[in-house]
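1. this is the structure alone, sequence omitted:
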């Protein structure tokens, strides 16, 4: 069977589906991934077909609208900024998904950012589709919406807020969905109606977020989908030398965040790690953080998290879904520095799991606060013990098995 995975967003929004794609290919399917050109090499390196989608996500986050999204953080105002940012490129994204589907597809698998448009493309092609989400986005009484902060509003309030966020998200996609349906000769159909019986599997562990009891039966939690192992990758000699030259360092990286003043953020981090008396590996990320290499600090580019994280003492990260998962998998204590969208949600989960002393939000980040959190994570053995326990639980799970089973049921 020809399976197309359509994924849009940052590296953390795409990498898990590359790993899932390799598992699908091993099961005998022909797999293509439709995503942004910036990820083409990693898709092809995994042995999967690459089909291009428009939009450069890094440029969008660096734009004026992207910086307003960063300023909005993770509160209710973030939804408005997402709508303003997304409406600029959603029509092109819809056309790209339809074009990628038309190249030959028997089953379309979509993510939270491509499902509304992907359902249109699948309907036009006469093929089934299924959602694969990395965040819990369906309304529930059990917790507040993942993009609006961490404070529970109580059961009825959480459910009402979740429905409001879902309705706002529908407004983001609605114009592009209407245009795509017209282009493909389909009659009008509301996004909410198309969503009603659409199956969705979630790529996180029930040990991290238990499946809400009030979810629709078509919504399930599958477990994590890990990026593929890169057999040809070798760690740079300078990284191996740094790791061998002293005690395990602290990793500091902010992934796909694009901050307006990377020099200031770098200076804050350097002051913090020196105050905490730790060695540090600083990852440049999309903000381009750079520090001069010293005996105690090393700046690196992309390095597979599954290789590096188990070798460090703690992970300071931006709490995106992908990096949060990688830190949990490694059994390493975490210090989340949430900035926007679902990052505060994942930060709270890390604290509730006992693998983190709590978040240090980017908006109020100071060297003193970060240094204190680093020392807490390192000095209290309970964080490492709990991180190791969670990692052992995740190692025993197979998140792709549920996807394979669902595909068999969907097309069988």
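-> Here it is on my side, so go on. None of the values given here were measured: they were computed from a predicted structure.

2. next one: residue 227 from residue 169, what distance?
-> Distance from residue 227 to residue 169, counting by Cβ to Cβ, to the nearest Å: 26 Å. To be clear about C-beta, it is placed using only N, CA and C from the backbone, and glycine gets the same treatment.

3. tell me the buried residues in the top helix by length along the chain?
-> Criterion DSSP state H: the longest helix present in the chain is helix 154-183. Residues of helix 154-183 classed as buried: 158-159, 161-162, 165-166, 168-169, 172-174, 176-181 (neighbour count, 16 or more other Cβ atoms under 10 Å).

4. cool, stretch 142-154 as well?
-> Those would be 142-150, 153, for stretch 142-154 by 16+ other Cβ under 10 Å.

5. by pLDDT, give me the weakest of these.
-> The lowest pLDDT within those belongs to residue 149, with 72.

6. was I right about it contacting residue 341?
-> No - using Cβ atoms under 8 Å as the test, residue 149 is too far from residue 341 to be in contact (10.7 Å).

7. what residues does the residue lying closest to residue 229 once chain neighbours are set aside make contact with?
-> The shortest distance from residue 229 to any non-neighbouring residue, by Cβ to Cβ, 6 or more residues apart in numbering, is to residue 306 (7.4 Å). Contacts for residue 306 (Cβ atoms under 8 Å, 6 or more residues apart in numbering) come out as 226-227, 229, 326, 329-330.

8. what about residue 306, which SS state?
-> On the three-state scheme (DSSP: H, G, I helix; E, B strand; the rest coil), residue 306 is labelled helix.

9. how much space between it and residue 227?
-> Relative to residue 227, and taking Cβ to Cβ, residue 306 is found at 7 Å.

10. then residue 142?
-> 29 Å.

11. could you do residue 288 as well?
-> For residue 288, the distance to residue 227 - Cβ to Cβ - is 22 Å.

12. same check, this time on residue 188
-> 39 Å.

13. those two: who's more crowded?
-> With neighbours defined as other Cβ atoms under 10 Å, residue 188 and residue 227 compare such that residue 227 has more, 23 against 9.

14. output the contacting helices and strands for whichever strand in the chain runs longest.
-> Determined from DSSP state E, the single longest strand within the chain is strand 30-36. Contact here means 3 or more Cβ pairs under 8 Å, 6 or more residues apart in numbering; DSSP states H and E; on that basis strand 30-36 packs against strand 2-6, helix 11-26, strand 49-53, helix 90-102.

15. comparing the ones you listed, which comes out most buried?
-> strand 2-6 (a mean of 25; mean count of other Cβ atoms under 10 Å).

16. partner strands of that one, with direction?
-> Strand 2-6 has the following strand partners under DSSP bridges: strand 30-36 (parallel), strand 107-110 (parallel).

17. hmm, which helix or strand of this structure has the shakiest average pLDDT?
-> The helix or strand of the chain with the poorest confidence is helix 64-72; it has a mean of 53 (mean pLDDT, DSSP states H and E).

18. count the residues that sit near the residue nearest to residue 357 when sequence neighbours are not counted.
-> Take residue 357 and drop its neighbours on the chain: the residue closest to it by Cβ to Cβ, 6+ apart is residue 376, 4.0 Å away. Neighbour count of residue 376, defined by other Cβ under 10 Å: 17.

19. pLDDT weak spots in the protein?
-> 57-87 (pLDDT under 70).

20. which residues in it form strands?
-> 2-6, 30-36, 49-53, 107-110, 129-133, 200-202, 219-221, 250-252, 280-283, 297-300, 314-317, 334-336.

21. reformat those strands as JSON lines; add distance to residue 372.
-> Listed next are those as JSON lines, based on distance: least, Cβ to Cβ, whole Å:
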{"stretch": "strand 2-6", "distance to residue 372": "42"}
{"stretch": "strand 30-36", "distance to residue 372": "38"}
{"stretch": "strand 49-53", "distance to residue 372": "42"}
{"stretch": "strand 107-110", "distance to residue 372": "42"}
{"stretch": "strand 129-133", "distance to residue 372": "35"}
{"stretch": "strand 200-202", "distance to residue 372": "34"}
{"stretch": "strand 219-221", "distance to residue 372": "34"}
{"stretch": "strand 250-252", "distance to residue 372": "13"}
{"stretch": "strand 280-283", "distance to residue 372": "16"}
{"stretch": "strand 297-300", "distance to residue 372": "19"}
{"stretch": "strand 314-317", "distance to residue 372": "12"}
{"stretch": "strand 334-336", "distance to residue 372": "10"}
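
22. for residue 410, which of those strands is the nearest?
-> Nearest to residue 410, of all the strands of the chain, is strand 129-133, at 6.0 Å by Cβ to Cβ.

23. in this structure, which residue is closest to the centre?
-> Nearest residue to the geometric centre of the chain (Cα atoms, centre = their mean): residue 321, 3.6 Å.

24. would you mind measuring from that residue to residue 340?
-> With Cβ to Cβ as the criterion, residue 321 and residue 340 are 12 Å apart.

25. what do you get for residue 383?
-> Taking Cβ to Cβ, one finds residue 383 at 25 Å from residue 340.

26. cool, residue 157 as well?
-> The gap separating residue 157 from residue 340 is 23 Å, by Cβ to Cβ.

27. same deal with residue 55?
-> To residue 340, residue 55 is 18 Å away according to Cβ to Cβ.

28. more crowded one of those two?
-> Using other Cβ under 10 Å, the more surrounded residue of residue 55 and residue 340 is residue 340, with 25 against 20.

29. look up how far residue 360 lies from residue 104.
-> 48 Å.

30. for the two, indicate the residue with more neighbours.
-> residue 360 (22 against 13).

31. got the contact list for the more buried one?
-> Residue 360 makes contacts with 335-337, 369-370, 373, as judged by Cβ under 8 Å, 6+ apart.

32. got phi/psi on the nearest residue to residue 345 once chain neighbours are set aside?
-> In space, and not counting its chain neighbours, residue 345 is closest to residue 146: 4.2 Å by Cβ to Cβ, 6+ apart. The phi and psi values for residue 146, taken as degrees, to the nearest 10, are phi -60, psi -20.
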